[in-house]
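Participant: task: produce atomic coordinates for the following.
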Amino acid sequence: MFADTRRLDHSGASLAFHHQPADGAARGIVLVCHGLAEHSKRYETFATAMAARGYHVYAYDHRGHGETIAADAPIGRFARRDGARRVIDDVLAMRDYVATEHPGLPVILFGHSMGGLIALNAAVTYPRKFDAVAIWNANFNPGLAGRAAQGILLVERALKGSDVPSDLLPKLTFGTWGKSISGRRTDFDWLSRDPDQVEKYIADPLCGFDASVSLWLDLFELTFRAPQKQHLARLPTETPIQLVGGGKDPATDNGKAVTWLSNHLKASGFSRISTEIYQDMRHETLNEIGADTAISAFADWCDQATARS
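Facilitator: Prediction:
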């Protein structure tokens, strides 16, 4: 069951994961990639709802997160080097594991925020391994500000090394997003309008930690890599892709970055793009007021995607 931690050994890491079995006959498998500075256990409510709709759900902790263990990946770091490649390959390892556990079922890759960056990169790196891809609350279009942030990180790396927390990036991201919420109670109100969910995040010892300079650099590598023409060209254009954002999410420029990705994918020839911006929601759609509606719509989309796969 989802509360039980299981492990998959891969490439020097012991990936901690959780499984919620489908209720009754299974329609498919949902593989979850979580966001930055959080962990897979936070997806239990989502997993339970999707299991009720007939889907096995697997969620695992990325390197440097949650209960996953790797010698070169303490909390806040993917790896000493090649972190982006390692987390992409971890997705494939988990995919192959779940496909072996449930042969013949379609595999839907789901990613939230940082997990969305990882998910799309995994999909374009290993085309035809996933029957559908869902990318929620992810920003693949940071523009010149993103390039400037990369420059700042390179300076930080030169001055103090790559495996210590960044001084500036948390202020430019989490700090700025927190201040953008009018009437905020906490610095994390940008995550959700639901105060109980915000308090749970703040109280969780596995959430809200400082990311290293190297992890931030890996994230920008993932951000700018996947949308490039040569990488998108590897993914079949008939792949069902669902994009979800929040109209009050400062991390995606209030959903504009999600719309940008939708338009970019359509311009690249992808024909099965579903895009939904929930106008009143902030960053964590699954922990927002109205999450049940979003989850139900996702399950409906999964039904359509698996019916055609």
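
Participant: tell me where the protein has helices.
Facilitator: In the chain, the helices defined using DSSP state H lie at 44-52, 83-101, 114-125, 143-160, 169-170, 176-179, 195-203, 213-225, 229-232, 256-267, 291-308.

Participant: reformat those as TSV; add distance to residue 241 and mean neighbour count.
Facilitator: All C-beta spots, glycine's among them, are computed from the backbone N, C-alpha and C. Converted to TSV, the helices of the chain look like this (distance: least, CB to CB, whole Å; neighbours: other CB atoms under 10 Å):
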stretch	distance to residue 241	mean neighbour count
helix 44-52	18	19
helix 83-101	16	19
helix 114-125	8	26
helix 143-160	22	14
helix 169-170	28	19
helix 176-179	25	16
helix 195-203	27	14
helix 213-225	17	23
helix 229-232	11	13
helix 256-267	6	18
helix 291-308	9	17
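
Participant: okay if I get those as a markdown table plus mean pLDDT and distance to residue 3?
Facilitator: Shown next, in a markdown table, are the helices of the chain (pLDDT from 0 to 100; distance: least, CB to CB, whole Å):
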| stretch | mean pLDDT | distance to residue 3 |
| --- | --- | --- |
| helix 44-52 | 98 | 7 |
| helix 83-101 | 98 | 18 |
| helix 114-125 | 98 | 21 |
| helix 143-160 | 95 | 37 |
| helix 169-170 | 94 | 31 |
| helix 176-179 | 96 | 31 |
| helix 195-203 | 98 | 16 |
| helix 213-225 | 98 | 28 |
| helix 229-232 | 97 | 37 |
| helix 256-267 | 98 | 32 |
| helix 291-308 | 94 | 19 |
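
Participant: among those, which comes closest to residue 242?
Facilitator: In terms of CB to CB, the element of the helices of the chain nearest to residue 242 is helix 291-308, at 5.1 Å.

Participant: contacting residues around the closest one?
Facilitator: Identification of contacts with helix 291-308 by CB atoms under 8 Å, 6 or more residues apart in numbering yields 27-28, 30, 45-46, 49-50, 53, 55, 106, 108, 131-132, 134, 240, 242, 244, 274, 276, 278, 281, 285-286, 288.

Participant: ditto for stretch 109-126
Facilitator: Stretch 109-126 is contacted by residues 30-36, 62, 84, 87-88, 91-92, 95, 129-130, 132-138, 140, 219, 222-223, 225-227, 231-232, 234-235, 239, 251, 283-286 when judged by CB under 8 Å, 6+ apart.

Participant: about what we covered before: give me the buried entries from the contacts of helix 291-308.
Facilitator: Neighbour counting with 16 or more other CB atoms under 10 Å marks 27-28, 30, 46, 49-50, 53, 55, 106, 108, 131-132, 134, 240, 242, 244, 274, 276, 278, 281, 285-286, 288 as buried within these.

Participant: out of the residues you listed, which are inside strands?
Facilitator: Among the buried ones among the contacts of helix 291-308, DSSP state E puts 28, 30, 55, 108, 132, 134, 242, 244, 274, 276, 278 in strands.

Participant: hmm, the third one is touching residue 32, no?
Facilitator: What it means is residue 55. No - look at residue 55 against residue 32 with CB atoms under 8 Å: they stay out of range, at 10.9 Å.

Participant: show me what contacts residue 39?
Facilitator: Taking CB under 8 Å, 6+ apart as the criterion, residue 39 is in contact with 61, 65, 66, 67, 204, 206, 207.

Participant: so for the nearest residue to it once chain neighbours are set aside, what's the pLDDT?
Facilitator: Excluding the flanking residues, the one nearest residue 39 by CB to CB, 6 or more residues apart in numbering is residue 66, at 3.2 Å. On pLDDT, residue 66 comes in at 98.
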